[in-house]
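Whatever this is, show me its structure:
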Amino acid sequence: MTAIEWSDAAPIYRQLKERVVAMLLDGVLKPGDALPSVRQVAAEYRLNPITVSRAYQELADEALVEKRRGLGMYVTEGATEKLLMRERERFLREEWPQVLERIQRLGLSLEELLRDRRKETQQ
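This next block holds a predicted model:
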């Protein structure tokens with residue numbers, strides 16, 4: 001895992017869980033990969049091991065990782081696809097309406113948005 005800056009806006013275990021989710025979505029962690037041990041993460045980020053365990057337990061409860069007795073936590077098959085589907089649904093339900101409202105409020109057209117995006121990718 002890479003350096004993490006903790007925010008006061010959400011519990012640390014939830015921020016840690018979201019970091020693992022981001023690593024899954026970015027392809028850093030793949031099905032079959034082992035998560036770092038609770039002790040390793042706790043030591044590296046100076047966290048209480050219970051905090052790390054809680055984050056890992058939530059991932060296990062969502063069937064994104066599985067416990068292998070004596071071996072640790074491993075990313076499950078299909079975890080990335082499950083996450084993508086869930087995150088897309090959440091985006092469309094929670095974030096997109098706000099984005100669309102802002103686009104409409106600013107009077108932006110689809111053509112303007114696409115043109116500006118093309119300029120960014122060409123630079």
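
Only C-alpha atoms from now on, for both contacts and neighbour counts.
Noted.

so what pLDDT did residue 119 get?
If you check residue 119, the pLDDT there is 68.

OK, contacts around the residue nearest to residue 51 when sequence neighbours are not counted?
Nearest non-adjacent residue to residue 51, counting by Cα to Cα, 6 or more residues apart in numbering: residue 13, 5.3 Å away. Contacts for residue 13 (Cα atoms under 8 Å, 6 or more residues apart in numbering) come out as 51, 52, 54, 55.

Give me the contact list for the helix or strand the second one falls within.
Read it as residue 52. If you go by DSSP states H and E, residue 52 is part of helix 49-61. Around helix 49-61, the neighbours that count as contacts under Cα under 8 Å, 6+ apart are 12-14, 16-17, 38-39, 41-42, 65-67, 73.

Low-confidence regions, the chain specifically.
Residues of the chain meeting the criterion pLDDT under 70: 1-3, 116-121, 123.

tell me the domain boundaries of it?
According to automatic domain parsing, the chain comprises the domains 12-79, 85-122.

Distance to residue 4 for these - can I get that in CSV?
Shown next, in CSV, are those (distance: least, Cα to Cα, whole Å):
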stretch, distance to residue 4
domain 12-79, 8
domain 85-122, 21
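
List the contacts of residue 109.
Residue 109 makes contacts with residue 103, as judged by Cα under 8 Å, 6+ apart.

still on that earlier bit, single out the most deeply packed of the domains of the chain.
domain 12-79 (a mean of 17; mean count of other Cα atoms under 10 Å).

Ends of it, what's the gap?
Domain 12-79 has an end-to-end distance of 22 Å (Cα to Cα, to the nearest Å).

again, but for stretch 7-18
Span of stretch 7-18 from end to end, Cα to Cα: 12 Å.

gap between it and the chain center?
11 Å (Cα atoms, centre = their mean, to the nearest Å).

Just the helices from the chain, written as ranges.
Per DSSP state H, the chain carries helices over the ranges 12-25, 38-45, 49-61, 79-90, 96-106, 110-122.

what packs against the second one?
Contacting helix 38-45 under the criterion 3 or more Cα pairs under 8 Å, 6 or more residues apart in numbering; DSSP states H and E are the following elements: helix 49-61.
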